[in-house]
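Chemist: Kindly generate the corresponding structure for this input.
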Amino acid sequence: MWVQGHGFYSRQVCGLSAGWIVIWVRRYLCRKCGHTMSRLPDWLHPWRWYGATVIMEALYRYLILEETVHDISHHFGRSASEWRTLRRWRAQLLVSPTLLGWLGSRLGISRPAETRKQGRLHLRRLLGEMRVAWKSAAKVLAKLEAAVRATLGGLLHNRRRAWPWRSSIRGPLGSLVLEQSQRYCLQRKTLAEGHRARHAELLHVNNSGGGTHDRPRTE
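Modeler: Next comes the predicted model:
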């Protein structure tokens, strides 16, 4: 096994029925490349304050049901009439590693949604991947939590880049995440080996008297 336990860290989460809460996240260490990763609960994206189901439902109401920002804010207990976070989520969906960006290439999406129409297309593709019938609001809202948790379940996230490092998901989706994770780990290992080789070369030069500070001066 390359991966071993590496303690815990705490973080705040908003958007659940209990409001703001603090959770403890399990952290792991890859003994092959020396990098740390974390395994978040299957209802939470990396680096996000809001629960994953809250984000998806807010985007569904905003992009497909075309509810007003004021109504969506009120639905989630916000008093503000302007919720700029909705536009950020729209642009980051399937592009940012903190909002299912690792699925973007699979769904043919590589650029942020600049308009509500583009965001609607991105969300429809995602719901199709989750096998949720996006045209029926009742079915979406009933199945959304289970679909989101099935998509995020079993992922280990790179803590610095938020990209999934390893997955226990079975099937094509799990294979995709695992392939990307292994490629990243190999890149990290190659980079670390290159740094060690250069460091050893510099030590050899200095120890053999080849360093510039050991050379006799010539007038």
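
Chemist: okay, CA-based contacts and neighbour counts for the rest of this
Modeler: Fine.

Chemist: where does this protein have low pLDDT?
Modeler: Residue ranges of the chain with pLDDT under 70: 1, 15-18, 80-81, 156-219.

Chemist: The same query, at a cut-off of 50, please.
Modeler: Residues of the chain that meet the criterion pLDDT under 50 lie in 167-182, 184, 211-219.

Chemist: Could I get the CA-only coordinates of the lengthiest strand in it as CSV?
Modeler: For the chain, the longest strand by residue count, based on DSSP state E, is strand 3-16. This file holds the C-alpha atoms of strand 3-16, laid out as CSV (Å, rounded to 0.1, in the frame of the first residue of the first chain):
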residue,chain,number,x,y,z
VAL,A,3,-1.2,5.3,1.3
GLN,A,4,-1.1,5.5,5.1
GLY,A,5,-3.1,7.5,7.7
HIS,A,6,-1.7,10.9,8.5
GLY,A,7,-3.9,12.5,11.1
PHE,A,8,-6.9,14.8,10.9
TYR,A,9,-7.7,18.4,10.3
SER,A,10,-10.8,20.5,11.1
ARG,A,11,-13.0,22.7,8.8
GLN,A,12,-16.2,24.5,8.9
VAL,A,13,-19.2,23.6,6.8
CYS,A,14,-22.4,25.7,6.0
GLY,A,15,-25.7,24.8,4.4
LEU,A,16,-26.7,21.8,6.4
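
Chemist: what's that strand in contact with?
Modeler: Residues outside strand 3-16 that contact it (Cα atoms under 8 Å, 6 or more residues apart in numbering): 19-31, 36, 48-51, 54, 76.

Chemist: let's see 10 Å
Modeler: Here strand 3-16 makes contact (Cα atoms under 10 Å, 6 or more residues apart in numbering) with 19-39, 43-44, 47-55, 76-77, 166.

Chemist: Run through the helices of the protein in chain order.
Modeler: Applying DSSP state H to the chain gives helices spanning 52-59, 69-75, 85-92, 116-129, 137-152, 172-207.

Chemist: Could you count how many residues lie near residue 149?
Modeler: 16 (other Cα atoms under 10 Å).

Chemist: cool, the one 4 residues further on as well?
Modeler: Residues near residue 153, counting by other Cα under 10 Å, number 18.

Chemist: Need phi/psi at the closest residue to it other than its chain neighbours.
Modeler: Residue nearest to residue 153 in three dimensions, not counting chain neighbours: residue 42, with 4.5 Å by Cα to Cα, 6 or more residues apart in numbering. Taking degrees, to the nearest 10, you get phi -80, psi 10 for the backbone angles of residue 42.

Chemist: okay, now the domains of this structure?
Modeler: 1-42+153-208, 51-152 (automatic domain parsing).

Chemist: Pick the most buried one from those domains.
Modeler: Mean neighbour count (mean count of other Cα atoms under 10 Å) peaks for domain 51-152 among those, with a mean of 17.

Chemist: what's the first-to-last distance across it?
Modeler: One end of domain 51-152 to the other measures 12 Å (Cα to Cα, to the nearest Å).

Chemist: now swap in stretch 50-63 and tell me
Modeler: End-to-end distance of stretch 50-63 (Cα to Cα): 18 Å.
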